[in-house]
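>>> quick check, what structure comes out for this input:
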Amino acid sequence: MKTFFIFLFIFSFLKLYSQEISTSISNTLRYGSGFERIGEASQIEYRKEYFENFLDTRIFSKNFTIGFRLDMYQQPEYGIPFRGLKKRYVEFTKNKISIRAGNFNAMFSKGLSLNIFENKSLAFDTQIDGIKSEFKSKTFDATILGGEIDFVEPITIKDLPPLREEKYSIRAINTELKPLKEFSFGGSFVWAKGKHPNFFQTQDSSITQVGEIFSEIRKKNVDFNINYLKKFSKINSIDISNGYAIYSSLSYSSGQFGMTIEYKNYAFDIVDYLTRISTQPPMSYRNTRMLPFQNPPIVHKEHSFTLLSRYPHIVDFNDEVGFQLDIFYALNNKTNLSFNSSLSSRHFGDFVNSNFVASKKEIGKIFLPSFENSRSPFSELYFDIEHFYDEANSYIKIAVNKRSEITYDANPFQIYKSPKLTTITLPFVLNHSFSDITAVKFAIENQWYQKKDDKYFNQLSSLQITNANFSCGIRYERTTNKYEIEGKQNWVIAECAYRFGGEHSLSLSYGEERGGQVCSNGICRTVSPYSGLRMSLTSQF
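As a prediction, this is how the structure comes out:
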């Protein structure tokens, strides 16, 4: 209630002293009713009903913006029940200066030292509640911020209790000098005081200091940047962990051709094999790991095809080194080719002797990824061709992907070597436009899965019809896996969407969803198998 009166006062002040006030209001309502499977092998089915509503309001004047979001989800699809004012801020902008108080996002350079944001679908939220000041000019940029973060680890929300909550007080600064149009350099410093649950479910306190330097060169068709970071951590006032991170990219583009090479060397908190597996959920997270307000580039491709995202590579930002090469080439104005390749691994080989003493051994160069099994290698090759065949922008897209990964088991008594997971996937998309507003889209994805003697075939096909305000489609997924965790081999779901009044969009779906993992920039959660109805209504005013 106190916050409401503060916003009412500010709004009244602006109303009196400004004649140009505008508003933007959006509302999203989500409802679902059906059955969800949880637990080991998804053997427990229970009634699942959720209702969520997000009302987002912004009020603008010449130099001021007021924003707030009211959330209501006593029964969320995924997350912690909440009802009330979730986000609120006041922002002042004039010329080269902006000041914002309340909740805000921020990212320094490529996100190595600081990348704070919210992703509601993953129940991930590191937004700061505090104050941020920015100055931007042609030759100099600076950001100073401070505030509090209340963070809940998404993976512990449902299937892996107890809930893990972390709190941080943050002070940070980022500066960038641009002496030339083609060249810039800068640095950032982040200080964070944290409170974390430990292995014994008591509280640890931490002090983390992160320093980063970066530089970028832009000349004609070339863009090169490099970032280097050092991290220092104290747990309960004891120096316990230092780490570093390097990210670099080189891009070239010229007419029909474009290429980007990325390199990552993330060593925020390298530990031995036994320490790593003993501090994974549900037991505890290492309080010395990369902190949740840091989120650098993952340096591998995230796919839009469903089956290509079914078995994602989950980045270990604490211990991973790798490359990514991405190439685009336009054969002509109707045909495009894309190629992507990535390789990554841990820095050292993992070993545990018969006395259960763990060690890390340097196998190959630690600044380069390796195919050595003990370093848990991941590799991927992807290629697609897209061809537009008429003036209505109808197109055909064919892709092929091969992915391999080994999660190394250093247990000295393992009966067999750590198996390699290999998938080969062939997606195909046909989108035919009958006019500017009417089209039919057919897609099919075929995937061959193998992990040692475990071999099976996945297939997903979909058909969708769209026009200016309406779309409707059906998806069918099947597998030959006889040991699917929920005991099913076929899933069918129908979905429709309708836009009306120019401001409202309604979507409905009904059927069965296979479930699996969902990832965005290295942040992942498990989606449980679900059957039933889903509804979403979005309105813009």
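
>>> all strands for the stretch 401-541 of the chain, in order.
If you assign secondary structure with DSSP state E, counting those that start in this stretch, the strands in the stretch 401-541 of the chain sit at 420-433, 439-451, 454-466, 470-479, 490-500, 504-513, 516-520, 523-527, 530-540.

>>> adding mean pLDDT, distance to residue 129 and mean neighbour count, write those strands out as TSV.
(Each C-beta comes from the backbone N, C-alpha and C, glycine too.) TSV is the format used below for those (pLDDT from 0 to 100; distance: least, C-beta to C-beta, whole Å; neighbours: other C-beta atoms under 10 Å):
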stretch	mean pLDDT	distance to residue 129	mean neighbour count
strand 420-433	96	41	17
strand 439-451	96	42	17
strand 454-466	96	41	16
strand 470-479	96	39	17
strand 490-500	95	35	15
strand 504-513	95	31	17
strand 516-520	84	23	15
strand 523-527	84	20	18
strand 530-540	95	26	16
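
>>> now render those as CSV, adding distance to residue 140.
As requested, the strands of the stretch 401-541 of the chain are exported to CSV (distance: least, C-beta to C-beta, whole Å):
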stretch, distance to residue 140
strand 420-433, 46
strand 439-451, 48
strand 454-466, 48
strand 470-479, 48
strand 490-500, 45
strand 504-513, 42
strand 516-520, 33
strand 523-527, 33
strand 530-540, 37
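
>>> what's the closest of these to residue 21?
strand 530-540 (18.3 Å; C-beta to C-beta).

>>> run the angle between the closest one and strand 504-513 for me.
Angle between the axes of strand 530-540 and strand 504-513 is 170 degrees (criterion: axes from the mean of the first three to the mean of the last three C-alpha atoms, to 10 degrees).

>>> surely residue 358 meets residue 275?
Yes. With the criterion set as C-beta atoms under 8 Å, residue 358 and residue 275 qualify as a contacting pair; they are 7.1 Å apart.

>>> more neighbours, those two?
residue 358 (17 against 13; other C-beta atoms under 10 Å).

>>> next, give phi and psi for the more buried one.
Taking degrees, to the nearest 10, you get phi -90, psi 150 for the backbone angles of residue 358.

>>> check contacts around it.
Applying C-beta atoms under 8 Å, 6 or more residues apart in numbering to residue 358 gives the contacts 272, 273, 274, 275, 350, 351, 352, 410.

>>> filter these down to the buried ones.
Members of these that pass the buried threshold by neighbour count (16 or more other C-beta atoms under 10 Å) are listed as 272, 273, 274, 350, 351, 352, 410.

>>> quick one: which of the residues you listed is nearest to residue 366?
Nearest to residue 366 among those, counting by C-beta to C-beta, is residue 350 at 13.2 Å.

>>> let me know the pLDDT of that closest one.
Residue 350 is assigned 92 on the pLDDT scale.

>>> likewise for residue 529?
Residue 529 is given a pLDDT of 89.

>>> for it, give me its contacts.
For residue 529, the residues meeting the contact criterion (C-beta under 8 Å, 6+ apart) are 36, 37, 42, 485, 486, 488, 512, 513, 514, 515.

>>> and the gap between the fourth one and residue 142?
Right, residue 485. Summarising the geometry, the distance separating residue 485 from residue 142, computed by C-beta to C-beta, to the nearest Å, is 51 Å.

>>> just to revisit the earlier point, among the buried ones among the contacts of residue 358, which are located in helices?
For the buried ones among the contacts of residue 358, membership in helices holds for 273, 274, with DSSP state H as the criterion.

>>> between the strands of the stretch 401-541 of the chain, which one is nearest to residue 126?
When the strands of the stretch 401-541 of the chain are ranked by distance to residue 126, counting by C-beta to C-beta, first place goes to strand 523-527 at 10.1 Å.

>>> give me the helices and strands touching the closest one, please.
Helices and strands touching strand 523-527, as assessed by 3 or more C-beta pairs under 8 Å, 6 or more residues apart in numbering; DSSP states H and E, comprise strand 516-520.

>>> partner strands of the strand it packs on, with direction?
For strand 516-520, sheet partners with direction are given as strand 523-527 (antiparallel), following DSSP bridges.

>>> just checking, residue 221 touches residue 255?
No. Applying C-beta under 8 Å as the test, residue 221 and residue 255 come out as separate, 9.0 Å apart.

>>> neighbour count for those two, which is higher?
When neighbours are counted by other C-beta under 10 Å, residue 221 and residue 255 differ, and residue 221 comes out ahead with 12 against 7.

>>> what's the pLDDT at that one?
According to the per-residue confidence, residue 221 scores 93 in pLDDT.

>>> which ones are touching it?
With contacts taken as C-beta under 8 Å, 6+ apart, residue 221 has the following neighbours: 252, 253, 254.

>>> which of those sits closest to residue 536?
Lowest distance from residue 536 to the contacts of residue 221 (C-beta to C-beta) belongs to residue 253, with 37.3 Å.

>>> so that closest one bridges to which residues?
The residues that residue 253 bridges to, once DSSP bridges is applied, are residue 258.

>>> do the same with residue 324
With DSSP bridges as the criterion, the beta-bridge partners of residue 324 are residue 262, residue 342.

>>> was I right about it contacting residue 250?
No. At 11.3 Å, residue 324 and residue 250 do not qualify as touching, with contact defined as C-beta under 8 Å.

>>> which one of those two is surrounded by more residues?
Set residue 324 next to residue 250 and count neighbours by other C-beta under 10 Å: residue 324 wins out with 21 against 15.

>>> now do the helices in the stretch 251-400 of the chain.
Assignment of helices within the stretch 251-400 of the chain using DSSP state H, counting those that start in this stretch yields the ranges 273-278.

>>> low pLDDT regions in it?
Per-residue confidence for the stretch 251-400 of the chain (pLDDT under 70) gives these ranges: 279-284.

>>> which stretches in it count as strands?
Ranges of strands in the stretch 251-400 of the chain, per DSSP E, counting those that start in this stretch, are 257-267, 320-330, 335-345, 349-352, 358-361, 378-388, 395-406.

>>> what separation do you get for residue 251 and residue 260?
To residue 260, residue 251 is 4 Å away according to C-beta to C-beta.

>>> just give the number of residues close to residue 98.
The number of residues packed around residue 98, counting by other C-beta under 10 Å, is 17.

>>> helices or strands next to whichever strand or helix holds it in the packing?
Secondary structure from DSSP states H and E places residue 98 in strand 97-104. Contact analysis of strand 97-104 by 3+ C-beta pairs under 8 Å, 6+ apart lists strand 82-94, strand 128-136 as its packing neighbours.

>>> at 10 Å what do you get?
strand 64-75, strand 82-94, strand 128-136, strand 140-152 (3 or more C-beta pairs under 10 Å, 6 or more residues apart in numbering; DSSP states H and E).

>>> paired strands for the helix or strand just after it, with orientation please.
Moving toward the C-terminus from strand 97-104, the first helix or strand encountered (DSSP H and E) is strand 106-107. With DSSP bridges as the criterion, the sheet partners recorded for strand 106-107 are strand 115-116 (antiparallel).

>>> chain center to the strand it pairs with, what's the gap?
For strand 115-116, the separation from the chain centroid amounts to 11 Å (computed by C-alpha atoms, centre = their mean, to the nearest Å).

>>> so what touches it?
The set of residues that contact strand 115-116 without belonging to it, under C-beta atoms under 10 Å, 6 or more residues apart in numbering, is 103-109, 125-128, 145, 147, 149, 151, 170, 172, 292-297, 521.

>>> tell me the helix or strand right after that strand.
Next along the chain after strand 115-116, taking DSSP H and E as the criterion, comes strand 118-119.

>>> what's the local residue count around residue 333?
Each residue near residue 333 was counted by other C-beta under 10 Å, and the total is 8.

>>> which one of the strands of the stretch 401-541 of the chain lies nearest to residue 196?
The closest approach between residue 196 and any of the strands of the stretch 401-541 of the chain, judged by C-beta to C-beta, belongs to strand 523-527 at 18.2 Å.
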